[in-house]
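Participant: Quick check, what structure comes out for this input:
(chains A, B, C and D)
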Protein chains: 4
Amino acid sequence: MKKIFISILVTIALSFSYQKKSKIVFFGDSITEAGVQRGGYIVRIDSMCMLEKKSERYEFTGAGVSGNKVYDLFLRLEKDVLDKSPDLVVIYIGVNDVWHKASSGTGTDADKFEKFYQAIIDKLISRSIKMILCTPAAIGERTDFSNQQDGDLNHYANIIRKLASKNQLALVDLRKTFLDYNLKYNKENKDRGILTGDRVHLNATGNQLVADEIWRAIKKI
Amino acid sequence: MKKIFISILVTIALSFSYQKKSKIVFFGDSITEAGVQRGGYIVRIDSMCMLEKKSERYEFTGAGVSGNKVYDLFLRLEKDVLDKSPDLVVIYIGVNDVWHKASSGTGTDADKFEKFYQAIIDKLISRSIKMILCTPAAIGERTDFSNQQDGDLNHYANIIRKLASKNQLALVDLRKTFLDYNLKYNKENKDRGILTGDRVHLNATGNQLVADEIWRAIKKI
Amino acid sequence: MKKIFISILVTIALSFSYQKKSKIVFFGDSITEAGVQRGGYIVRIDSMCMLEKKSERYEFTGAGVSGNKVYDLFLRLEKDVLDKSPDLVVIYIGVNDVWHKASSGTGTDADKFEKFYQAIIDKLISRSIKMILCTPAAIGERTDFSNQQDGDLNHYANIIRKLASKNQLALVDLRKTFLDYNLKYNKENKDRGILTGDRVHLNATGNQLVADEIWRAIKKI
Amino acid sequence: MKKIFISILVTIALSFSYQKKSKIVFFGDSITEAGVQRGGYIVRIDSMCMLEKKSERYEFTGAGVSGNKVYDLFLRLEKDVLDKSPDLVVIYIGVNDVWHKASSGTGTDADKFEKFYQAIIDKLISRSIKMILCTPAAIGERTDFSNQQDGDLNHYANIIRKLASKNQLALVDLRKTFLDYNLKYNKENKDRGILTGDRVHLNATGNQLVADEIWRAIKKI
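Facilitator: Numbers count the residues shown, from 1 in each chain, chains lettered A, B, ... in the order given. As a prediction, the model looks like this:
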C-alpha cells in the first residue's frame, strides 16, 4: 500500500516537471514597455503561442522601461529579472544609447555599451539563464543610410552581433530584418510609417514583424 | 601675302585674349586649408595643371579655414571670395557641420545647412561666378556605414547633391568617390589610413584622389 | 497777406518733419516672435507708448523667428531689417545659441557667437542705424545658478555686455534684470513660473518686465 | 602567577583591536587616478597621516579610473571596492557625468545620476561600510559662474549634497571649497591655473586643498 502511494507521487512529480512553464522575460526600453500594450509585440507573441497551443509551455513577462539604456538594464537586472527566476531573457536595447547623444547629450559610449552588455550577459550566464539578443531596429527608416543615427546604430548593432557570437547566444537581428523589409516595401525612402510610427516606436506592422522574429527564435531554444 | 600675314597676327592676338587666366578659389574648411600645404590637393592640382601645360589658363587660390561650417563660409564670402573676383569657386564644406554636433554640440541643423548653402550659391550666381560643389568625403572610412556620423553625413551629402541638381551646378561627389575607393582597397573595414590619416583629414592618397576628381571637373567647365 | 500764409505753411511743414516717426525693429527668436502676439512685450511697449501719447513718434515692427541663433539673424539681416530702413534695432538673441547645444547638438561656439554678433553690429553701424543690445534672460529661473545652461548663458551674456561696451551701444541687461527679480520673488528656487512659463518663454509678468526695460531704453535714445 | 598571565593576554588583545587599521578606498575618476601619483591628493593624505603619526591606524587605496561616471563606479563597485573589504569609501565623482554631455554626447541624466549614486550608497550601507561623499570641484575656475558647465555642475553638486543629508553621510563639499578659494585668490577671473591645470585636473595647490579637506573629514569619522 505504502509502496504504491509513493510511486504515484513520483509520477505526478515527473509530469509536473515536464509541464513546467518556461518563464520568458522581455528586457528593454520603451519599445518593450509598449510590447505589453494592446497590439504590442509581446501580446502578439502570446497570441501566436496560444494559437499554436503552446500556452502551457511558455509564460511571458514584459520588463521594459521607457528611456532605458544598457546601464539602466544593468542597474535593475536583479530586481526586474533575476528575482523573477526566468528561464530565458530577451534583451532588446540600444536605441536610446545612440539616440540620446544627439537629443540630450546623454547617450552611451560604444566601449561602455559593450562592457555593460557583457556584464549583463555574465550575470545571466552565472545563473544558467538562457538569452536572446536583439539588435536595435531603427531610428528612421530611410534605406540609403541617411537617417542621422544610422552610422552609430550600425556600429552598436555590430557590437551586439559580436557579443552574441562571442558568448554563443541566440541573435535576433532586427536591424537587418527592418532594413530588408524597408528595401522591399519603402520604395519612397520615407523615414517613418512603414514599421514605425515616429522613426523609432513600432506600428502594428512593426510589432508583428518583431513578434514573428522573436517568437521563431524562442521556439528554437 | 602681307594682308594674309596681318590677318594671322590678329587671330593669334584674339586667341591670346581668349586665354585670359581663369581664377579659381577653393572655399572650405581645414581640409582645404591643408590643400595649399606641401602635398595638399590644391598644390597637386596646380602641378597637374603645369604638367599639362595649362598654367597660363588657370590660377588657383586656397580659401580654407579650419573648423569652418557652411555659415562661416557665408560670413566670409565677401572678403575671402567675392573681393578676389574669381571665375570659379570650388565649395567643399560639410564635415564640421555634422561632426561638431557630437564633439562640441555646435553642428548645423540640416535645414539651415541647406539654407546657408543656397544663400552662398545665390550670391555667386548673382555675380555670374561659376561653381563646383563637393560632397564631404568622410568622417571615418569603414565601408559598412558603421562610422558614427555616416547617417548624418549621407544626409548632408544628399542635400548638396540636390542643391547641385536644382541650381544646375557641377558636382564632385567625393563622398561616393571615397566610398567606392574604400570598397576596393579597404577590405579590412578600417576607419582610417586608406584615404585619411585621422578619419577626416586627407593623407597623400586622399589628396591625390581629391585633386584628380576636382581637376577633371575644372577642365570640364 | 499771401506771404504770411506761406510762411505759416512752411513752419507747419517743418514741425511735421520734426515729428517724423522713429522706426524700431525688434530682431530676435521665438521670444520676439511671440512679442507681437496678444500680451507680448512688443504689444505692451506699443500700448505704453500710446498711453504716454508718443505714438506719433514711434513705430514698432517685430522681426522674430522661432529657433533663430545669431547667424540666422545675420543671414536675414538684409531682408528683414535693412530693407525696412529702421532708425533703431533692438537685438535680443542668444538663448538658442546656448540651448541647442544640449537639445540637438547645434548650438553656436562662443567665439563665433561674438563674430557674427559683431558682423551684425558692423552692418547696422555702416548704415547709421542705432541699436539696443539685450542679454538673453533665462533658460530656467533657479537663482542659485543650478539651471543646466546657467554657466554658458552667463558667458554669452558677458560677450554681449562686452560688445555693447566696445561698440558704445545701449544695453538692456535682461539676464541681470531677471535674476534680480527672481532673487526677490522666487524664494522657492523654482525653475519656471515666475517670469517664464516653460523656463524660456515669457509669461505675462515676464513680457511686462521686458517691455518696461526696453521701453525705458528706447526713450533714452 | 596564572592570574597575571591572563591579565597580560587581555591587554595585548585590546591593544591589537585598537591598532587594527582602517582601510580607506578612494573611488572616483581621473582626478582620483592621479591622486596616487607623485604629488597627488591621496599621496598627500598619506604623508600628512605619517607626519601626524597615525600610519598604524589608516591604510589608503586609490580606485580611480579615467573617464568614469557614476554608473561606471556602480559597475566596478564589487570588484574594485567591496572585494577589498574597506571600512570607509571616499566617493569623488560627477565631473564626467556633466562634462561628457558637451564633449561627446555621453553624459549622465541628472535623475539617473541620483539613482546610480543612491544604488552605490545602498550597497555600501548594506555592508556597513562608512562613506564620505565629495561634490565635483570644478570644470573651469571662473568665479562669476560663467564656466560653460557651471549650471549643470551646481545642479549635480546639489544632488550629492541632498544624498549626503538624506542618507546621513559625511560630505566634503569641494565645489564650495574651490569657489571660496577662487573668490579669494582668483581676482582676475581666470578659468584655470589656480587650483587646476586644465580647468578640471588638480595642480599642486588643488591636490593639497583636496587632501586637506578629505583628511580632516576622515579623522572625524
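Participant: Is chain C within reach of stretch A:131-142?
Facilitator: No - interface with chain C: stretch A:131-142 contributes nothing (Cβ under 8 Å from any Cβ of the partner chain), its closest point being 14.1 Å away. All C-beta spots, glycine's among them, are computed from the backbone N, C-alpha and C.
Participant: List the buried residues of that stretch.
Facilitator: Of the residues in stretch A:131-142, A:131-142 count as buried by neighbour count, 16 or more other Cβ atoms under 10 Å in any protein chain shown.
Participant: What's the end-to-end length of that stretch?
Facilitator: Distance across stretch A:131-142, first residue to last, is 30 Å (Cα to Cα, to the nearest Å).
Participant: just stretch A:191-205 next, same as before
Facilitator: This stretch, stretch A:191-205, spans 15 Å end to end (Cα to Cα).
Participant: What count of nearby residues applies to the residue nearest to residue A:138 when sequence neighbours are not counted?
Facilitator: Among residues not flanking residue A:138 along the chain, residue A:178 sits closest, at 5.0 Å (Cβ to Cβ, 6 or more residues apart in numbering or on different chains). Residues within reach of residue A:178, counting by other Cβ atoms under 10 Å in any protein chain shown, total 25.
Participant: Could you do residue A:204 as well?
Facilitator: Counted with other Cβ under 10 Å, residues neighbouring residue A:204 total 12.
Participant: C-terminal to the helix or strand where the residue nearest to residue A:138 lies, what's the next element?
Facilitator: Residue A:178 is part of helix A:174-185, with elements assigned from DSSP states H and E. Using DSSP H and E, the helix or strand that follows helix A:174-185 towards the C-terminus is helix A:204-220.
Participant: my read: the residue nearest to residue A:138 touches residue A:209, true?
Facilitator: Yes - taking Cβ atoms under 8 Å as the definition, residue A:178 is a contact partner of residue A:209 at 7.5 Å.
Participant: Pull up the overlap in contacts between those two.
Facilitator: Common neighbours of residue A:178 and residue A:209, counting by Cβ atoms under 8 Å, 6 or more residues apart in numbering or on different chains, are residue A:195.
Participant: The strand or helix carrying residue A:27 - what's its average pLDDT?
Facilitator: Applying DSSP H and E as the criterion places residue A:27 in strand A:22-28. The pLDDT scores in strand A:22-28 average 98.
Participant: same thing with stretch A:155-173?
Facilitator: The average pLDDT for stretch A:155-173 rounds to 98.
Participant: go on, stretch A:57-72?
Facilitator: The model assigns stretch A:57-72 a mean pLDDT of 98.
Participant: ok, which residues in chain A are in contact with chain B?
Facilitator: Chain A comes close to chain B at residues A:101-102, A:105, A:140, A:144-155, A:158, as judged by Cβ under 8 Å from any Cβ.
Participant: which among those residues end up buried?
Facilitator: Buried subset of the residues of chain A next to chain B (neighbour count, 16+ other Cβ under 10 Å): A:101-102, A:105, A:140, A:145-155, A:158.
Participant: just those residues now: which is nearest residue A:84?
Facilitator: Nearest to residue A:84 out of these is residue A:153 (Cβ to Cβ; 29.5 Å).
Participant: gap between the nearest residue to residue A:34 once chain neighbours are set aside and residue A:30?
Facilitator: Excluding its sequence neighbours, the residue lying closest to residue A:34 (Cβ to Cβ, 6+ apart) is residue A:40, at 5.2 Å. Remark: distance between residue A:40 and residue A:30 (Cβ to Cβ, to the nearest Å) = 11 Å.
Participant: Residue A:214 now?
Facilitator: Using Cβ to Cβ, residue A:214 is found at 17 Å from residue A:30.
Participant: Repeat that for residue A:186.
Facilitator: Separation of residue A:186 from residue A:30 (Cβ to Cβ): 23 Å.
Participant: List the residues that contact the nearest residue to residue A:159 once chain neighbours are set aside.
Facilitator: Nearest non-adjacent residue to residue A:159, counting by Cβ to Cβ, 6+ apart: residue A:114, 5.0 Å away. Residues in contact with residue A:114, defined by Cβ under 8 Å, 6+ apart, are A:159, A:162-163.
Participant: which parts of chain A sit against chain D?
Facilitator: Neighbours of chain D within chain A, by Cβ under 8 Å from any Cβ: A:71-72, A:74-75, A:100-102, A:104-109, A:112, A:115-116, A:119.
Participant: Can I have the buried ones of those as a PyMOL selection?
Facilitator: PyMOL command restricting the residues of chain A next to chain D to the buried ones, with burial defined by 16+ other Cβ under 10 Å:
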select buried, chain A and resi 71+72+74+75+100+101+102+104+105+106+107+108+109+112+115+116+119
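Participant: near chain C, which of the residues of chain A next to chain D show up?
Facilitator: Among those, chain C is touched by A:101-102, A:104-105 when using Cβ under 8 Å from any Cβ.
Participant: I'd assumed residue A:44 was in contact with residue A:208.
Facilitator: Yes - counting by Cβ under 8 Å, residue A:44 is a contact partner of residue A:208 at 5.9 Å.
Participant: what about the strands in chain A?
Facilitator: Assigned by DSSP state E, chain A shows strands spanning A:22-28, A:58-64, A:88-92, A:130-134, A:170-172.
Participant: Would you mind finding the most buried of the ones you listed?
Facilitator: strand A:88-92 (a mean of 25; mean count of other Cβ atoms under 10 Å in any protein chain shown).
Participant: Give me the contact list for that strand.
Facilitator: Residues outside strand A:88-92 that contact it (Cβ under 8 Å, 6+ apart): A:22-29, A:31-32, A:64, A:73, A:81, A:117, A:120, A:124, A:129-134, A:136, A:172, A:174, A:214, A:218, A:221.
Participant: Sheet partners, orientation included, of it?
Facilitator: Strand A:88-92 has the following strand partners under DSSP bridges: strand A:22-28 (parallel), strand A:130-134 (parallel).
Participant: got JSON lines for the ones you listed, with distance to residue D:168 too?
Facilitator: Shown next, in JSON lines, are those (distance: least, Cβ to Cβ, whole Å):
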{"stretch": "strand A:22-28", "distance to residue D:168": "34"}
{"stretch": "strand A:130-134", "distance to residue D:168": "40"}
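Participant: closest one to residue D:94 among these?
Facilitator: Smallest distance to residue D:94 across those (Cβ to Cβ): 28.3 Å, for strand A:22-28.
Participant: where in chain A is pLDDT low?
Facilitator: A:1-19 (pLDDT under 70).
Participant: Pull up the residues of chain A that are close to chain C.
Facilitator: Within chain A, the residues that sit near chain C (Cβ under 8 Å from any Cβ) are A:101-105.
Participant: Among those, which ones are in helices?
Facilitator: Under the assignment DSSP state H, the residues of chain A next to chain C contribute A:101-104 to helices.
Participant: Now flag whichever of the residues you listed is closest to residue B:198.
Facilitator: Looking across these and measuring by Cβ to Cβ, the closest to residue B:198 is residue A:101, at 20.7 Å.
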